[in-house]
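A.B. asks: Coordinates for the following, if possible.
(one chain, ligands or ions: 1)
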Amino acid sequence: MNKEVVLSGIRPTGYLHLGNYFGAMRNYVRMQDEYNCYFFVANWHSLTTHPDTKELKSSVHRVIAENIACGLDPEKVALYVQSDVTEIAELYLYLNMLAYKGELEKTTTFKEKVRLQPENVNAGLLTYPVLMAADILIHRAVKVPVGKDQEQHLEMTRNFAERFNFRYGNVFPMPYAFNYGDELVKIMSLDGNGKMSKSENQMNTLYLADEDDSIRKKIMKAKTDSGPTEPNSIKPDYIEGLFNLIKVVSDKSVVEKFESDFNQCHIRYGDMKKQLAEDMVNFIRPIREKAEALRADEKYMKEIMEHGAAKARVSAQATLQLVRDAVGLRYY
Ligand code: TYM
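C.D. replies: So this is what the prediction gives:
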């Protein structure tokens with residue numbers, strides 16, 4: 001039986017953090033045995049914000065190495081760099097004819113970028129969701145493991161795919177965001193103010209490349225208060241964020257103890273943060289050390305990227321053939 005196709009990507013704009021891990025990479029690792037998986041580094045998407053391209057090489061290498069360090073097996077999945085699969089750009093062109101200016105302007109991420117970089121509202125930024133749709137549809141993927149912030153992009157991908165199928169014939173299955181739990185994950189920044197992100201204040205974000213002491217320092221500085229005064233109170237966002245972190249890295253019994261302390265109003269946040277810091281160090285350290293070792297081996301990195309691109313191109317070329325036939329581009 002054919003396995004379902006899974007695809008996901010990560011932009012190489014800065015260091016990967018816990019949000020990337022728990023929103024995306026953890027699922028990649030779990031999915032690799034069950035599905036036909038494609039995972040890639042979205043370096044074309046990074047160009048929309050005009051980064052220093054000299055730094056992109058090390059970021060691309062880091063994303064590849066960190067994915068492997070987190071447990072992805074490049075033999076089981078296709079792990080590649082977006083710009084190595086130029087078929088994606090051709091599909092992006094066709095999909096651009098089916099995407100409308102009004103809907104693109106309404107996209108949340110676009111509006112956010114317009115606010116953040118008003119001097120650089122380029123067409124690539126506007127059509128970011130179209131490129132993302134091309135990434136997904138080029139392998140006719142049906143499951144897309146992503147965090148909650150990408151949900152709207154998935155909805156737009158389905159719209160573009162439906163329009164293509166309606167206009168040219170049925171080529172694409174409908175892709176959906178995927179998470180093993182019921183809900184898509186959102187890891188909050190350490191001050192409880194919005195999601196953890198690559199561009200957030202570094203002190204509020206835990207990176208997979210953070211040194212032990214830096215992890216401890218950031219967690220001990222995380223915002224808390226004097227504790228609840230009523231039993232079973234609702235947690236403020238910054239406390240909820242800490243509980244969410246302890247839930248993902250600590251033992252169940254530890255979580256239960258602090259939950260019960262909170263509900264009975266005798267929680268000691270200092271103790272909770274110390275415990276969280278040690279469990280976080282034990283979680284991040286092996287990933288950091290393995291990724292560093294992989295990154296140092298340039299020959300291995302090159303082999304991985306070449307191997308991944310070759311695998312991805314087989315599938316991309318097969319889809320593009322169907323697309324070209326459907327659109328009617330055979331003139332001789
Ligand atoms: P990016 O690079 O911003 O993030 C990579 C993945 O990490 C997830 N994520 C989070 N999940 C939970 N909590 C957080 N605080 C958090 N921060 C990030 C994101 O949801 C994502 O799954 N547009 C994409 C890259 C992309 C892509 C694709 C993804 C390009 N083409 C095709 C899927 C399919 C992005 O910028 O992700």
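
A.B. asks: going forward, measure contacts and count neighbours with C-alpha atoms only.
C.D. replies: Fine.

A.B. asks: Give me the buried positions along the helix or strand that contains Lys218.
C.D. replies: If you go by DSSP states H and E, Lys218 is part of helix 212-221. Of the residues in helix 212-221, 212, 214-216, 218-220 count as buried by neighbour count, 16 or more other Cα atoms under 10 Å.

A.B. asks: Off-centre distance for that helix?
C.D. replies: In terms of Cα atoms, centre = their mean, to the nearest Å, the centre of helix 212-221 is found 24 Å from the chain centre.

A.B. asks: now stretch 131-149
C.D. replies: 11 Å.

A.B. asks: Say whether the ligand is contacted by it.
C.D. replies: Yes - if you take Cα under 6 Å from any ligand atom as the test, stretch 131-149 does meet the ligand, through 132, 135-136, 146-149.

A.B. asks: pLDDT for the buried residues of helix 212-221 - can I get that in TSV?
C.D. replies: TSV is the format used below for the buried residues of helix 212-221 (pLDDT from 0 to 100):
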residue	pLDDT
Asp212	98
Ser214	97
Ile215	98
Arg216	98
Lys218	97
Ile219	97
Met220	97
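
A.B. asks: Distance to Gly23 added to those, as a markdown table?
C.D. replies: As requested, the buried residues of helix 212-221 are exported to a markdown table (distance: Cα to Cα, whole Å):
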| residue | distance to Gly23 |
| --- | --- |
| Asp212 | 22 |
| Ser214 | 22 |
| Ile215 | 19 |
| Arg216 | 22 |
| Lys218 | 20 |
| Ile219 | 20 |
| Met220 | 23 |
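
A.B. asks: how many neighbours does Ala123 have?
C.D. replies: When counting by other Cα atoms under 10 Å, one arrives at 9 neighbours for Ala123.

A.B. asks: From Thr49, how far out is it?
C.D. replies: 11 Å (Cα to Cα, to the nearest Å).

A.B. asks: what packs against the helix holding Lys218?
C.D. replies: helix 269-296 (3 or more Cα pairs under 8 Å, 6 or more residues apart in numbering; DSSP states H and E).

A.B. asks: Let me know the angle separating the helix it packs on from helix 212-221.
C.D. replies: Our comparison of helix 269-296 with helix 212-221, counting by axes from the mean of the first three to the mean of the last three Cα atoms, to 10 degrees, yields an angle of 150 degrees.

A.B. asks: Buried residues, helix 269-296. List them.
C.D. replies: For helix 269-296, by 16+ other Cα under 10 Å, it's 269, 272-273, 275-281, 284-285, 287-288, 291-292, 294-295.

A.B. asks: Check which helices and strands whatever helix or strand comes next after that helix sits against.
C.D. replies: On the C-terminal side of helix 269-296, the closest following helix or strand by DSSP H and E is helix 298-327. Helix 298-327 is packed against helix 56-69, strand 78-81, helix 87-96, helix 269-296, with contacts defined by 3+ Cα pairs under 8 Å, 6+ apart.

A.B. asks: Could you check helix 298-327 against the ligand for contacts?
C.D. replies: No - between helix 298-327 and the ligand, judged by Cα under 6 Å from any ligand atom, nothing touches; the nearest distance is 13.7 Å.

A.B. asks: and which of the buried residues of helix 212-221 is nearest Gly181?
C.D. replies: The nearest member of the buried residues of helix 212-221 to Gly181, counting by Cα to Cα, is Ile219 at 25.9 Å.
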